[in-house]
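Novice: quick one, what's the 3D model for this:
(chains A, B, C and D)
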2 protein chains.
Amino acid sequence: MELSPRKKKILRAVIEDYILNAEPVGSKMLTERRGMNLSPATIRNEMSGLEAMGYLEQPHTSAGRVPSPKGYRLYVDELMEEHRLTLAEVRTINASLHLRIQELDRLVLEATQFLSSLTQYTAYTLTPSTSDVRLIRFELFLAGADAFVVVVVTDAQAVKNKVARTNPLPTEEDLQRLTAALNRHLVGPLLREIGEELLKKARRDAGPAAGPAGVYMATVAEFLDEIREALDRRDVVLTGQSHILGHPEYRDILKARRLLEYLSDRREMTRLSMPESSAPVRFVIGPENVAEQLHDTSVVMASYHIGENLHGLIGVVGPTRMDYAKLASRMAYFAERLGRALSGDKDIDE
Amino acid sequence: MELSPRKKKILRAVIEDYILNAEPVGSKMLTERRGMNLSPATIRNEMSGLEAMGYLEQPHTSAGRVPSPKGYRLYVDELMEEHRLTLAEVRTINASLHLRIQELDRLVLEATQFLSSLTQYTAYTLTPSTSDVRLIRFELFLAGADAFVVVVVTDAQAVKNKVARTNPLPTEEDLQRLTAALNRHLVGPLLREIGEELLKKARRDAGPAAGPAGVYMATVAEFLDEIREALDRRDVVLTGQSHILGHPEYRDILKARRLLEYLSDRREMTRLSMPESSAPVRFVIGPENVAEQLHDTSVVMASYHIGENLHGLIGVVGPTRMDYAKLASRMAYFAERLGRALSGDKDIDE
DNA sequence: CTTTAGCACTCTCGCACGAAGAGTGCTAAA
DNA sequence: TTTAGCACTCTTCGTGCGAGAGTGCTAAAG
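Specialist: Next up is the predicted model:
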């Protein structure tokens, strides 16, 4: 059953008022604060209809109405008009990402912090999973009197390194030979496909440069395992936890605490963002969340893309009464910009 | 004026009871719960003496007594007996640090998380400042069709890298020559001392391998700046914020929020830990904190040492009513172990 | 001189009560 | 179909009061 245009208008007004004031909204408020040309009585009728259909709820008999999750869902799907970003916002977003930050981790951290302060909600980032990676270059060399360094570069142009200490230490010459052998055999296939066989081949090729009993080579193999693990892992960065306490729905400490605890569980956060989708911005409203701890919490997420294949996720978490209209546009824009920044795109401001 | 042994005993009992129960402790409680062989009246006399001397406070006329910051100070300095760690605790601490984690950042993060769950307080880590570093090795090589990689190793055997894109791209031969020149001129002096002059020398030495108008060399110089900045910066990792909400003194949301906000300010956190000291564990109690936001919060810190020169800091934050006796031993032990783990010491369990 | 028992006093906390206020649903009129 | 009026419901907030806990003081006991 489709809602009448008037019902929609009223629903929207209720939701937007509630988002703003966090208090049940009554019929009188609507006629006064929002320019409704109807009497309170009419509004009451419509509202009770909306309640019967499940879009509104009443905390108790003689209070105003509050949007239900179903109401919010309709709102984000059909009713809301996305807030345009102000020029100032566009500028600060761009500026925040403009830092010539080399380290990826740090850029992600700062971006997440910025997102939180921009939206005034708790924000998080889920880094891309990069398991389909290929290695494009090995380089091994001595460093100091007791160690050598293994460096590999991936096709996404991430550089990984390890400081290794073996006994005995390889000579510079050993390392040159080993480097050559590694580049011959392990460059090309997916990292995931580098197994016993390829390693054996490389080792044989390197000959004595693989070290006594192959120790040097073994160190490299170990390193590859570590890289694999590190790349598989999707890091979660969470910031702005204090914003949670700013919302009246978390006046109850216990509730706030439970939420914070949930959010700081990395595994849960990864799961939270599972159902990837192609929509630029995704809303998960209250009980739509799989996790019970989030049943009166909403999550707004947007994907960012690094290059062709990698995609990560940014999100903000807050009470179901979130400013969806404002978030939609800001998250979309921010995600897009973050992706560019992480892709190493120099021309980030325009 | 020195306190009588009996006063000390009473003060200690009051503090320990208050730490446990978070409620003003009265004379009766003491005779009952703690085995005091004195009547409540006597205790009352002593307590009013302790109050006059500033070791105890009364929230209001007819409530029990609460330790004052001065009382806590005496407690940590003289009165408390450090809790011994249980064998189980020793084991879990060692196990938590035993992970063969390559990346330093990640080990620090996980250690901080662990510290928080061990102590049930909000925990943080301040990484060492490493500004007195020397470079011991440069290595430059091509990576892919459009980029080259600059790798440097510091004398603390940290490896830093940068992916650089220049137009035109250097040849492998250029890079070899440039690498050699860099190793000749920039290895040896403190990173901090590498300025215009040395760079110019290296550039001249590299000749055409420094790139047209010295672009390749300029990229390296830029990279060195970045490294300098990264090494100067002391990272702050904060975890377990939800624990703050577990203490009754933060039933007031606004207070909790302000504290959380303060703690998430990296600059403040760095400042917080400024007055380094040689004591294994340091207590900063309530108003002893410079920052006003922490005036009813205590901080317990311990330094960890990586190798000879680097020292970082771990800390926990909570209400002034913290379990100092328990923390003292745990923090000391944990810091010592963390230092070892970060120094790359393999034999971490014994 | 120190310790203890007794007692009056003070202050907080929790609870019940009632008035005020906001909002509703229903009915009847426009 | 819309609106005005009205009785009703439910929360919120302020007030007052009793219970409970703890104190300080005084005077007696050790």
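Novice: okay, CA-based contacts and neighbour counts for the rest of this
Specialist: Will do.
Novice: may I have the helix or strand of chain A with the lowest mean pLDDT exported as CSV, CA atoms only?
Specialist: Least confident helix or strand of chain A, by mean pLDDT, DSSP states H and E, is helix A:27-33 with a mean of 84. What follows is helix A:27-33, C-alpha atoms only, in CSV (Å, rounded to 0.1, in the frame of the first residue of the first chain):
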residue,chain,number,x,y,z
SER,A,27,0.9,17.3,16.2
LYS,A,28,1.2,20.9,17.5
MET,A,29,4.9,21.1,16.9
LEU,A,30,4.4,20.1,13.3
THR,A,31,1.9,22.9,12.6
GLU,A,32,4.0,25.4,14.3
ARG,A,33,7.6,24.7,13.6
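Novice: can you name the element that comes right after that helix?
Specialist: The first helix or strand that comes after helix A:27-33 along the chain, using DSSP states H and E, is helix A:40-52.
Novice: now check that next one, is it near DNA strand D?
Specialist: Yes. Counting by CA under 7 Å from any atom of the strand, DNA strand D is contacted by helix A:40-52 at A:40, A:41, A:42, A:45.
Novice: which helices and strands does that helix pack with?
Specialist: Counting contacts by 3 or more CA pairs under 8 Å, 6 or more residues apart in numbering or on different chains; DSSP states H and E, helix A:40-52 is packed against helix A:5-21, helix A:27-33, strand A:56-57.
Novice: any residue of the first one up close to DNA strand D?
Specialist: The one in question is helix A:5-21. No. Helix A:5-21 does not reach DNA strand D (CA under 7 Å from any atom of the strand); its nearest approach is 8.8 Å.
Novice: in CSV, could you pull the C-alpha coordinates for that helix?
Specialist: In CSV, the C-alpha atoms belonging to helix A:5-21 read as follows (Å, rounded to 0.1, in the frame of the first residue of the first chain):
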residue,chain,number,x,y,z
PRO,A,5,1.8,12.3,-0.6
ARG,A,6,0.5,14.1,2.4
LYS,A,7,1.4,11.2,4.7
LYS,A,8,4.8,11.2,3.2
LYS,A,9,5.2,14.9,3.8
ILE,A,10,4.1,14.4,7.4
LEU,A,11,6.4,11.5,7.9
ARG,A,12,9.3,13.4,6.6
ALA,A,13,8.5,16.3,8.8
VAL,A,14,8.3,14.1,11.9
ILE,A,15,11.6,12.4,11.1
GLU,A,16,13.4,15.6,10.4
ASP,A,17,12.1,17.2,13.5
TYR,A,18,13.0,14.2,15.6
ILE,A,19,16.5,14.0,14.1
LEU,A,20,17.0,17.5,15.1
ASN,A,21,15.5,17.6,18.6
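Novice: buried set for that helix?
Specialist: Neighbour-count burial for helix A:5-21, counted by 16 or more other CA atoms under 10 Å in any protein chain shown, picks out A:7, A:8, A:10, A:11, A:12, A:13, A:14, A:15, A:16, A:17, A:18, A:19.
Novice: what of the second one?
Specialist: Across helix A:27-33, burial judged by 16+ other CA under 10 Å covers A:27, A:28, A:29, A:30.
Novice: tell me the bridge partners for residue A:67.
Specialist: With DSSP bridges as the criterion, residue A:67 is bridged to residue A:56.
Novice: tell me which residues touch it, please.
Specialist: Residue A:67 sits next to A:14, A:15, A:18, A:55, A:56, A:57 when contact means CA atoms under 8 Å, 6 or more residues apart in numbering or on different chains.
Novice: most neighbours of all the residues of helix A:40-52 next to DNA strand D, which one?
Specialist: Greatest neighbour count in these, by other CA atoms under 10 Å in any protein chain shown, goes to residue A:40: 17 neighbours.
Novice: list the contacts of the helix or strand containing residue A:199.
Specialist: When elements are defined using DSSP H and E, residue A:199 is found to belong to helix A:196-206. Here helix A:196-206 makes contact (CA under 8 Å, 6+ apart) with A:177, A:178, A:180, A:181, A:182, A:184, A:185, A:186, A:210, A:214, A:217, A:221.
Novice: farthest-apart pair in those, please.
Specialist: Within these, A:184 and A:214 form the most distant pair, 17.4 Å apart (CA to CA).
Novice: ok, residue A:258 - contacts?
Specialist: A:293, B:242.
Novice: do you know how far it is from residue A:321?
Specialist: Using CA to CA, to the nearest Å, residue A:258 is found at 18 Å from residue A:321.
Novice: pretty sure residue A:162 contacts residue A:221?
Specialist: No. Residue A:162 is beyond contact range of residue A:221, at 11.5 Å (criterion: CA atoms under 8 Å).
Novice: more neighbours, those two?
Specialist: Neighbour totals were compared for residue A:162 and residue A:221, and residue A:162 leads with 22 against 16 (other CA under 10 Å).
Novice: name the helix or strand for that one, please.
Specialist: Using DSSP H and E, the element containing residue A:162 is strand A:159-164.
Novice: relative to strand B:159-164, how tilted is that strand?
Specialist: Counting by axes from the mean of the first three to the mean of the last three CA atoms, to 10 degrees, strand A:159-164 lies at 160 degrees to strand B:159-164.
Novice: list the buried residues of the helix or strand following strand A:159-164.
Specialist: Next along the chain after strand A:159-164, taking DSSP H and E as the criterion, comes helix A:172-185. The neighbour-count check on helix A:172-185 (16+ other CA under 10 Å) flags A:174, A:175, A:176, A:177, A:178, A:179, A:180, A:181, A:182, A:183, A:185 as buried.
Novice: count of neighbours near residue A:277?
Specialist: With other CA under 10 Å as criterion, residue A:277 counts 11.
Novice: residue A:171 - nearest residue in space that isn't next to it in sequence?
Specialist: In this structure, residue A:171 finds its nearest non-sequential neighbour in residue A:142, 7.7 Å apart by CA to CA, 6 or more residues apart in numbering or on different chains.
Novice: give me the neighbour count for that neighbour.
Specialist: 21.
Novice: do residue A:38 as well
Specialist: So residue A:38, with other CA under 10 Å, has 11 neighbours.
Novice: next: residue A:129.
Specialist: Using other CA under 10 Å, residue A:129 is surrounded by 17 other residues.
Novice: how about the contacts made by it?
Specialist: Residue A:129 touches A:231, A:232, A:233, A:234, A:310, A:311, A:312, counting by CA under 8 Å, 6+ apart.
Novice: pretty sure residue A:239 sits against residue A:117.
Specialist: No. Residue A:239 lies out of contact with residue A:117 (CA under 8 Å); the separation is 9.2 Å.
Novice: so which residues on chain A come close to chain B?
Specialist: Within chain A, the positions adjacent to chain B are A:102, A:136-137, A:143-144, A:153, A:155, A:157-159, A:161-163, A:226, A:240-243, A:245-246, A:251, A:253-254, A:257-258, A:260-261, A:264 by CA under 8 Å from any CA of the partner chain.
Novice: ok, which residues in the stretch 1-150 of chain A are in contact with DNA strand D?
Specialist: Counting by CA under 7 Å from any atom of the strand, the residues of the stretch 1-150 of chain A near DNA strand D are A:37, A:38, A:39, A:40, A:41, A:42, A:45, A:60, A:61, A:62, A:63.
Novice: any chance of these in a markdown table, plus distance to residue A:123 and pLDDT?
Specialist: Below are these laid out as a markdown table (distance: CA to CA, whole Å; pLDDT from 0 to 100):
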| residue | distance to residue A:123 | pLDDT |
| --- | --- | --- |
| A:37 | 40 | 81 |
| A:38 | 40 | 88 |
| A:39 | 41 | 89 |
| A:40 | 39 | 91 |
| A:41 | 42 | 92 |
| A:42 | 41 | 93 |
| A:45 | 39 | 94 |
| A:60 | 33 | 89 |
| A:61 | 36 | 87 |
| A:62 | 36 | 86 |
| A:63 | 33 | 89 |
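Novice: now do the same contact list for the residue nearest to residue A:39 when sequence neighbours are not counted.
Specialist: Nearest residue to residue A:39, sequence neighbours excluded (CA to CA, 6+ apart): residue A:31, at 6.8 Å. Residues in contact with residue A:31, defined by CA under 8 Å, 6+ apart, are A:37, A:38, A:39, A:40.
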